[in-house]
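quick check, what structure comes out for this input:
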Amino acid sequence: MVKIGLFYGTDTGNTETIAKEVKKKLEAKLGEGSVDLLEIYKKKKEDMDKYELLILGMPTWYDGELQGDWEEFIPEMEKVDFSNKKVAFFGLGDQYGYAAYFCDALGVFAEIVEKHHGHLCGLWPVKGYEYDVSKAQRGDKFVGLCLDTDNQDELTNQRLDKWIPQVLQEFGVTATA
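Numbering: from 1, shown residues only. Got it, this is the predicted structure:
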């Protein structure tokens with residue numbers, strides 16, 4: 001059985017809510033127990049080492065600030081060998097209130113993954129968003145799924161429903177259900 005490590009960090013609970021929804025949707029396709037849901041708080045490099053398939057969820061705060069638990073995890077993440085790992089990101093941000101920093105955290109962590117030879121999966125089109133700049137943007141794509149539950153919450157489920165099959169395909173995983 002395939003095992004996906006889904007790591008998330010949250011302060012308000014919004015990212016946790018999305019992480020739980022991602023797990024539910026993944027397990028509907030892959031079977032119960034195929035996803036380990038792990039809050040990044042107090043995790044170590046070894047926790048991430050266990051998985052070849054990773055989904056990382058994080059919010060971006062205010063003027064591009066990282067969620068505290070993810071920020072504290074950076075030294076551990078810098079030690080992870082991502083060379084045999086496929087990594088997909090989802091992030092939460094406010095494209096209107098913080099248009100110059102929309103989902104920046106994804107870009108920060110995607111750079112770490114790439115620096116350590118990881119393979120990014122689940123890139124997402126920038127079309128349909130209104131923001132100024134983002135560290136998560138590469139050309140006409142984000143390095144992962146960007147969600148704005150403050151301003152575009154009505155699009156969250158349909159975006160997840162398109163992104164999850166894309167990630168599974170790029171992970172090389174076949175849905176069983």
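
adjacent strands (with direction) for the biggest strand by length in the chain?
Longest strand in the chain, counting residues (DSSP state E): strand 53-61. With DSSP bridges as the test, strand 53-61 is paired with strand 4-8 (parallel), strand 65-66 (antiparallel), strand 86-92 (parallel).

whichever helix or strand comes after the second one to strand 4-8, inter-axis angle?
Toward the C-terminal end, the helix or strand that comes next after strand 65-66 (DSSP states H and E) is helix 68-77. Calculated by axes from the mean of the first three to the mean of the last three C-alpha atoms, to 10 degrees, helix 68-77 forms an angle of 130 degrees with strand 4-8.

show me the contact partners of helix 68-77.
9, 11, 39-45, 48, 58, 65-66, 105, 109, 112 (C-beta atoms under 8 Å, 6 or more residues apart in numbering). Where C-beta positions appear, they are placed from N, C-alpha and C, glycine not excepted.

in helices only, show me the residues you listed.
The helices, defined by DSSP state H, take in 45, 48, 105, 109, 112 from those.

and for the nearest residue to the second one once chain neighbours are set aside, the neighbour number?
Just to be clear, that refers to M48. Counting by C-beta to C-beta, 6 or more residues apart in numbering, M48 lies nearest to V80, which is 5.2 Å off, once chain neighbours are set aside. The local packing of V80 (other C-beta atoms under 10 Å) involves 21 other residues.

from what I see, V80 and K45 are in contact.
Yes - using C-beta atoms under 8 Å, V80 is in contact with K45, at 5.3 Å.

where does the residue lying closest to G64 once chain neighbours are set aside land on pLDDT?
Among residues not flanking G64 along the chain, Y101 sits closest, at 3.6 Å (C-beta to C-beta, 6+ apart). Y101 carries a pLDDT value of 96.

related to what we said a few turns ago, ok, which of the strands paired with strand 53-61 comes nearest G118?
Taking C-beta to C-beta, strand 86-92 is the member of the strands paired with strand 53-61 nearest to G118, at 5.0 Å.

quick one: mean pLDDT over that closest one.
For strand 86-92, mean pLDDT is 98.

just give me how far that strand sits from the chain centre.
2 Å (C-alpha atoms, centre = their mean, to the nearest Å).

that older thread, okay, the strands paired with strand 53-61, which one's buried deepest?
Mean neighbours per residue, mean count of other C-beta atoms under 10 Å, is largest over the strands paired with strand 53-61 for strand 86-92, with a mean of 28.

could I get the strands paired with strand 53-61 as TSV with distance to L168?
Shown next, in TSV, are the strands paired with strand 53-61 (distance: least, C-beta to C-beta, whole Å):
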stretch	distance to L168
strand 4-8	9
strand 65-66	27
strand 86-92	9
